[in-house]
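Participant: Sequence first, then the predicted structure, then my questions.
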Amino acid sequence: MKNPLKNISEADRLRALRYAKVGTGVAYSLIRYALLISIGFLIIYPLLYMIVTSIMSTTAFNNSTRVWIPTEIGMKDNFSKAIEALGFVKSFLNTIKLEVVSALLEVVTCAVIGYGFARFDFKGKKIFTGILFLTILVPDMMVLIPRMVNYSNLDFMFIGKGIESLVAWIGGLFGAEWIINITPNIVNTGWTLWLPSLFGVGLRSGVLIYIYIQFFSGLPRELEEAAWVDGAGPFKTFLKIAVPSSSVVFITVLVFSLIWHWNDSLLSGMYLTSDLPLASGLNTVVPYMVQKWGIYFTANTPQGASIVMAACLLFITPMLIFYMFIQRGFIESIDRVGITG
Amino acid sequence: MSKSKLKKARGIEELKSRYGFFFVLPWIIGLIMFFFIPIIQSIIYSFCSVVVTSDGVKTTWVGLENYKEILKVDPKYTTWLTESITSFAYSLPIILVLSLILAIMLNQNFRGRVFFRALYFLPVIIATGKVMSYVFTTTDENLVEMGVSAGMASGMIKVEDLTSALNMGTEVATFISNAINNIFNLVWSCGIQIVLFLAGLQSIPSTLYEASKVEGATKWEEFWFITFPMLSRITLLVGIFTMVELFINERAPMIEQVYGKMRGGQYDIPSAMIWFYFIAACAIMGILILLFYKFILKRYEA
Amino acid sequence: MFNKTKRILALLMALVMVFTLAGCGAEPEEEISVIVEEDIVYETVGGNTTSGDGTTSGGNTTSGGTSTPGGSTSTPNGNGVNPEDYRGRTVKFISTIDPAVDESGPVVENFEKEYGITVEIIPSGLDEHAQKVMGLIAADQSPDVARSNGDFPAFMGYLQSLDATKIDYNDPIWNQNIFKMTTFNGSPYLCDTVGNIWAEIDIVMYSKSLLKRANAYTPEEYDAMGKWTWDAFFEIGKAVQKVNNNKPGCAINSKECYYHAAGGSIYKLKDGVVSNGMDNKTVEIMSKYSQAKKDNIVMEGKSVTAALMEGDIGITTLHAWSLKKTGDLKNGKWDDYGFYYLPYYDEAAAAAKQRPVTGIFRGWGLIKGAKEPVAAGIFLREYLDVNNYDVGGTYISPAAETFFFEVNNIAEYSSFENYNPYMTYIDMNYFITGVKSGQEIYHAMYYDPNQVATNVAAAKGAVDKGVKNINEFIEQQLNSH
């Protein structure tokens, strides 16, 4: 059932908002605030906890285990230690190089693939849709180790191995036993992350493709039909027509993809042995603390908790800042045009 | 004349389908290289005994033995399965309903709505494995200690202390902290759902509401006859997303166990565990989706 | 469209049925678990100190005291390995420790300069350690050396025996106990040295003034009487409690430390086979603690160092690292603090001077598929040699320094056979053993004394299963070669 009225005037929008109220009056307003604040508390509590703990100094921690206003602030010490333990600057740059690039690649690739699914009816489409769901469902951990082996001998659809055996066979005919090794080992390079993203099978790509499909299906066909008639090829149509009207979904997908990639420690931790991104750095904060300063991490150890919380804060801050900036566009743009069709 | 028009149409369709294929081609290549091969490997692992040796990964075929072991011999697997399914059963409706309610509220025009919208999306940004586990550190001595839980009494009262003081058993303590944890987890799982519902709500045209106002519909009727049906498509999307999340995310009971085993270096048993779990999950999801389709069909016919 | 979906569904259901039928044989055993297992993420992080861990001394060596800086010896080892043959090679070391960060940095640098062997450090987090190593092995990119930090039996999954390193097992710097304990199929898997900088030992620290006020004997005085046992420890606690506003008088930094230092064990490892180590002593030991907790003698829930510094408790067990200038107690009143060895299990042990130890496996091993085993051996010999380290001057006081080295070099160590899985690596070992030490074993100490016996019986059952799983795992790993 298609939505007949996509582009509504501003006045209509405001009226819709007004009418969408379930009830009127102060009582309802209070209930709403009460509910939102109480549930919101659950969300903000850990954040507050992190902030408060990370600025406490050691003595404040000992003094009162859980009071909200620390008696003494040792922010500089905690944060500088956290920065050091994380290897912040280097990790940050690595994260940008690896994860952010990967996320951007994914946003672009999945758009292309999603458009293909949404607009065209090719052979075996049903099967491929099913496979798409499969990619969404299968957890990453299951394919981790086999992929690792795969990466160490990266084979482009068996072509590499095929050529190798062919060469070996030919060589064997002539008594020469040499093999060209054309299956590179990409473990510990950025390609382990970039390559899957480039092909639309990166981190949670399935979900992104699905979002794109939903969105592109909802776009009005008339413009595209017009472009076809005018003789534009499909790709041109895609670029010139579909993309410009999809700012919403691009922003949405970008937000999701970036957040997921930023927080990913599984993939990068597994496939990289050096130059690790920030999420993996978080893993090594505690051993670093223990090793360098002899500070352990339990809820009761003074500085341990503070440094770890400071590290966590440092980790999520870039994402928070990014979200603050994009939030306007993100949430308000959802207001303007729906994602669904 | 009409014949040639038809011919042209078919030509375009064919052309279109070929083009579509090209759009999807990179994905198909990616699938073969990075998805199918590992999946097949993983399935093979589940039928073998796997040991990592100096010469690589050695697999010895043992047939259904891994499966027999987890289903018959190991009493814990079936427990985890039922745990997963029960937690899924109550989490799904709660999350859907909660997200919908929150989205409706956040859709309305009130002071601070932008702030609250941002707030409710926050969990998505923060909830990664490491950060969450740091905040929720549990040690052996205290069931739940750091950060959240223990009734939001800021961990001042340890649940265990409370229950042992009142002479209740460990079961009660576990139950209470589990309950608290669950509420917390549920709220934190709603972030993306709220965003999607918001988007759906926004796309309902206002004219419908106006018309219903003229007809004198109550708010309740408004909800059930306009909002709900118009949201059905997005509800499906949210539903699917939530179901997948519940089954696959790292804190799910089964996933935690499997990942732990894999981190300990075993690959055969966890693969079997997860494939069985996967089939069960697919079956459940398939049934639910089918039911939902039927449900919607009924609606539209009515 | 629906027909197809229905068909697929039916297929899935059929598959599920097939598997269920295949598995639907015997009923799963009834497991008596006192504590319901939780589904809270057990991503415990390293150093999550419910410490009480490893001491790595033993054997007959009393080396390690203040050391000569630098100065490594580069004589060929007893197996005729000439280090000169290995110049220019690279040793890959996967570790949660970064030499750049602690005192081992200069040692590694010197090693590289002197031997011409490059050392490449691969960092890894604690809980992903095994997984990462195994992934690298599977990808034919094995590192050479790994540090095993209490992950037994998990390390059997990624280590091979040390034979290929050609190190000289009779070299006096090695801790022979570790060799003995980790010998499987006749070859040792881990090596370690006595008193190196990573040794973690527990000691006892007390506040002299508080003990005086309570009219209690100090640990030294008890020991002189031959009575420095855990009973004495709790007596001190009781005495302090009386004069200190009824606050608990003593504290223990981890139940694990107490349990093992008091002579209890969970698993026993001998000749490559694991067995159940819980026995009658277990109930006795745990009841003692439970009783002390009930009488409010033992403090729980607060940082022990904080409590000591604020005068809440009179005596506590602690990491020996607190004796360092950078340790937890650096802001404490050092003229008031005394430190001593852990109490003996009982008076018989005191008479025999059998110092207690909490047995944890810590060592360095050779990874399966290592490319440079011999170079790795040369590296380990230097890296772990205590004489290469200059650690003087990092302690609070000269007395502390002397005591620290004494404690690190206790010659008589009893029952290293009392192996216990290091608490921090619950997940790494749990998923092989199936037993969560914290919840299923040590918890028995937390509740009322008359519940201890039942809890221990349940724990014993759990440990039996753990034993079986461990032995199976070890066998599987050994038989795959």
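Facilitator: Structure's in. What do you need?

Participant: How many residues are close by the residue in the stretch 151-300 of chain A that chain B sits nearest to?
Facilitator: Closest to chain B within the stretch 151-300 of chain A is A:Phe199: 2.7 Å, counting by C-beta to the nearest C-beta. Any C-beta I mention is one placed from the backbone N, CA and C, and that applies to glycine too. By other C-beta atoms under 10 Å in any protein chain shown, the residues close to A:Phe199 number 24.

Participant: repeat for C:Ile94
Facilitator: 22.

Participant: Pull up the pairing partners for the one helix or strand it maps to, direction included.
Facilitator: Taking DSSP states H and E as the criterion, C:Ile94 maps to strand C:90-95. On the basis of DSSP bridges, the sheet neighbours of strand C:90-95 come out as strand C:118-123 (parallel), strand C:145-149 (parallel).

Participant: quick revisit: could you look up the SS state of the residue nearest to the residue of the stretch 151-300 of chain A closest to chain B when sequence neighbours are not counted?
Facilitator: For A:Phe199, ignoring the flanking residues on the chain, the nearest one in space by C-beta to C-beta, 6 or more residues apart in numbering or on different chains is B:Gly30 at 2.7 Å. Of the three states, B:Gly30 takes helix according to DSSP: H, G, I helix; E, B strand; the rest coil.

Participant: was I right about B:Gly30 contacting A:Gly200?
Facilitator: Yes. In this structure B:Gly30 lies within contact range of A:Gly200 using C-beta atoms under 8 Å: 5.3 Å.

Participant: mind showing which ranges of the chain have poor pLDDT?
Facilitator: I went with chain A, as the question did not name one. Residues of chain A meeting the criterion pLDDT under 70: A:1-25, A:58-72, A:74, A:155-164, A:175-183, A:294, A:298-302, A:328-341.

Participant: hmm, I had chain C in mind actually
Facilitator: Scanning chain C for pLDDT under 70 picks out C:1-78, C:301, C:357-361, C:392-393, C:410-428, C:438-439, C:481.

Participant: Grab the nearest non-local neighbour of B:Val24.
Facilitator: The shortest distance from B:Val24 to any non-neighbouring residue, by C-beta to C-beta, 6+ apart, is to A:Gly116 (4.2 Å).

Participant: got a list of what that neighbour touches?
Facilitator: Contacts for A:Gly116 were tallied using C-beta atoms under 8 Å, 6 or more residues apart in numbering or on different chains; they are A:Phe122, B:Gly20, B:Phe21, B:Phe22, B:Phe23, B:Val24, B:Trp27.

Participant: what about the residue nearest to A:Phe199, neighbour count?
Facilitator: There are 23 residues near B:Gly30, going by other C-beta under 10 Å.

Participant: burial count for residue 117?
Facilitator: Picking chain A for this. 23.

Participant: Chain B was what I was after
Facilitator: The number of residues packed near B:Arg117 is 21, by other C-beta under 10 Å.

Participant: could I have stretch B:21-40 exported to PDB, CA atoms only?
Facilitator: Taking Å, rounded to 0.1, in the frame of the first residue of the first chain, the C-alpha atoms of stretch B:21-40 are listed here in PDB:
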ATOM      1  CA  PHE B  21      22.300  -7.900 -12.100                       C
ATOM      2  CA  PHE B  22      25.300  -5.700 -12.600                       C
ATOM      3  CA  PHE B  23      24.300  -3.600  -9.700                       C
ATOM      4  CA  VAL B  24      24.300  -6.600  -7.500                       C
ATOM      5  CA  LEU B  25      27.300  -8.300  -9.000                       C
ATOM      6  CA  PRO B  26      29.900  -7.000  -6.600                       C
ATOM      7  CA  TRP B  27      27.800  -8.200  -3.800                       C
ATOM      8  CA  ILE B  28      27.600 -11.700  -5.300                       C
ATOM      9  CA  ILE B  29      31.300 -11.800  -5.700                       C
ATOM     10  CA  GLY B  30      31.800 -10.700  -2.200                       C
ATOM     11  CA  LEU B  31      29.400 -13.300  -1.000                       C
ATOM     12  CA  ILE B  32      31.300 -16.100  -2.700                       C
ATOM     13  CA  MET B  33      34.700 -14.900  -1.500                       C
ATOM     14  CA  PHE B  34      33.900 -13.800   2.000                       C
ATOM     15  CA  PHE B  35      30.700 -15.500   3.000                       C
ATOM     16  CA  PHE B  36      29.900 -18.800   1.400                       C
ATOM     17  CA  ILE B  37      33.300 -20.300   1.800                       C
ATOM     18  CA  PRO B  38      33.600 -19.500   5.500                       C
ATOM     19  CA  ILE B  39      30.000 -20.600   6.100                       C
ATOM     20  CA  ILE B  40      30.600 -23.900   4.400                       C
END
